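Mind looking at a prediction? Sequence and model below.
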Amino acid sequence: MSANILVFDSGVGGLSILAAVREQVPSANYYYLFDNARLPYGELDEQELIQGCVTLISQAVVQCQADIVVVACNSASTLILPALRACLRIPVVGVVPAIKPAAVLSRNKHLGLLATPGTVNRQYTQDLIEQFASDCRVDRFGSSELVYLAEDKMAQRPVDSEALHNILAPIKASGLDTLVLGCTHFPILREELQSYFGEAVHLLDSSNAIAARVVSLLETSMSGERGKSQALHTTNTISEGLRKTLAAWGFRSATVFNGSLSKSGS
Ligand code: DGL
């Protein structure tokens, strides 16, 4: 029997993680739950974020009969993991900024962390930096606007390049050589980011590490036919553009999740 993997985020960002996991474990069934009704998570009150995520994910775990949960959101993972793990009996994989490999990779020992306002200000992030990058200068850049630009891209709307460049200009000017994409939305814009920064800046995210972690947790075989992929959202509707993108990404349906799975998505 193939494993059921629940991947969770506030919006489309977690798809960057799901893609990496699915490449390693194509035969699993994927449930992609995104809480777009409460996006952006990077600006949510912390208690609200913990309670909301724990409730939603716990319900989805039951409904999807999930074997593993991937919290594919740095803003949530840097905050909710202890509370979530206390409620669940299955493995919970969190996604946190790739500070450790970035510190090893950087030649000039000058890193940037590009993440949501929530993630850049978390104690968890501060601890990561102190633990793994104490020999580096680490500049933090918080942006929710970039989250929306990634949402635009996946909804097949044009990405506003002027807005993008305004966000990125101070990062480029800082002289760092390694930029941690500490929000799962940002690898969606990897091409745009890399083309703005050029090859001088190395972009790093956590997706391959997460895929490796999931593989290590699975007991079932990874080969076999591709499993099914189903998307679940918390708003009543999603745009036609996003629906098309999800279909192109192999999701056979995208349905509302309000604590239970609707019939058409089951
Ligand atoms: N994709 C999420 C992250 O990794 C959060 C985006 C948001 O809703 O602010 O932090």
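Here it is on my side, so go on.

so residue 180, which of the three states?
strand (DSSP: H, G, I helix; E, B strand; the rest coil).

quick one: it and residue 204 touch, right?
Yes. Counting by CB atoms under 8 Å, residue 180 does reach residue 204; the two are 5.3 Å apart. The C-beta positions use only the backbone N, C-alpha and C, and glycine is treated the same way.

Excluding chain neighbours, give the residue nearest to residue 135 in space.
In space, and not counting its chain neighbours, residue 135 is closest to residue 109: 6.0 Å by CB to CB, 6 or more residues apart in numbering.

and the one you found, what is it in contact with?
103, 135-137 (CB atoms under 8 Å, 6 or more residues apart in numbering).

same thing but 10 Å
103, 133, 135-138, 176-178 (CB atoms under 10 Å, 6 or more residues apart in numbering).

Residue 165 too?
172, 192, 196.

which of those has the most neighbours?
Among the contacts of residue 165, residue 192 has the most neighbours (other CB atoms under 10 Å), with 19 neighbours.

Tell me the residues on the stretch 151-266 of the chain that lie near the ligand, please.
183-185 (CB under 6 Å from any ligand atom).

rewinding a little: buried only: go through the contacts of residue 109 for me.
For those, a burial check counting by 16 or more other CB atoms under 10 Å picks out 103, 133, 136, 138, 176-178.

among those, which two are most distant?
Greatest spacing in these, by CB to CB: 133 and 177 (13.2 Å).

Show me how far stretch 14-21 is from its chain's centre.
Computed by CA atoms, centre = their mean, to the nearest Å, the chain-centroid distance of stretch 14-21 equals 7 Å.

tell me the average confidence for that stretch?
Taken as a whole, stretch 14-21 has a mean pLDDT of 98.

Could you check it and say which residues are buried?
Quick answer for stretch 14-21 (16+ other CB under 10 Å): 14-21.

Packing partners of the longest helix along the chain?
Ranked by number of residues, the top helix in the chain under DSSP state H is helix 46-64. Secondary-structure packing of helix 46-64 (3 or more CB pairs under 10 Å, 6 or more residues apart in numbering; DSSP states H and E): strand 4-9, strand 29-34, strand 68-71, helix 74-87, helix 117-121, strand 229-233.

what is the orientation angle of the fourth one with helix 46-64?
Compare the direction of helix 74-87 with that of helix 46-64 by axes from the mean of the first three to the mean of the last three CA atoms, to 10 degrees and you get 60 degrees.

what packs against helix 74-87?
strand 4-9, helix 46-64, strand 68-71, strand 92-94, strand 110-115, helix 117-121, helix 123-132.

List the buried residues in that helix.
74-81, 84.

Need those in a markdown table (columns: pLDDT and distance to residue 38).
Shown next, in a markdown table, are those (pLDDT from 0 to 100; distance: CB to CB, whole Å):
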| residue | pLDDT | distance to residue 38 |
| --- | --- | --- |
| 74 | 98 | 16 |
| 75 | 98 | 11 |
| 76 | 98 | 10 |
| 77 | 98 | 16 |
| 78 | 98 | 16 |
| 79 | 98 | 14 |
| 80 | 98 | 13 |
| 81 | 98 | 18 |
| 84 | 98 | 16 |
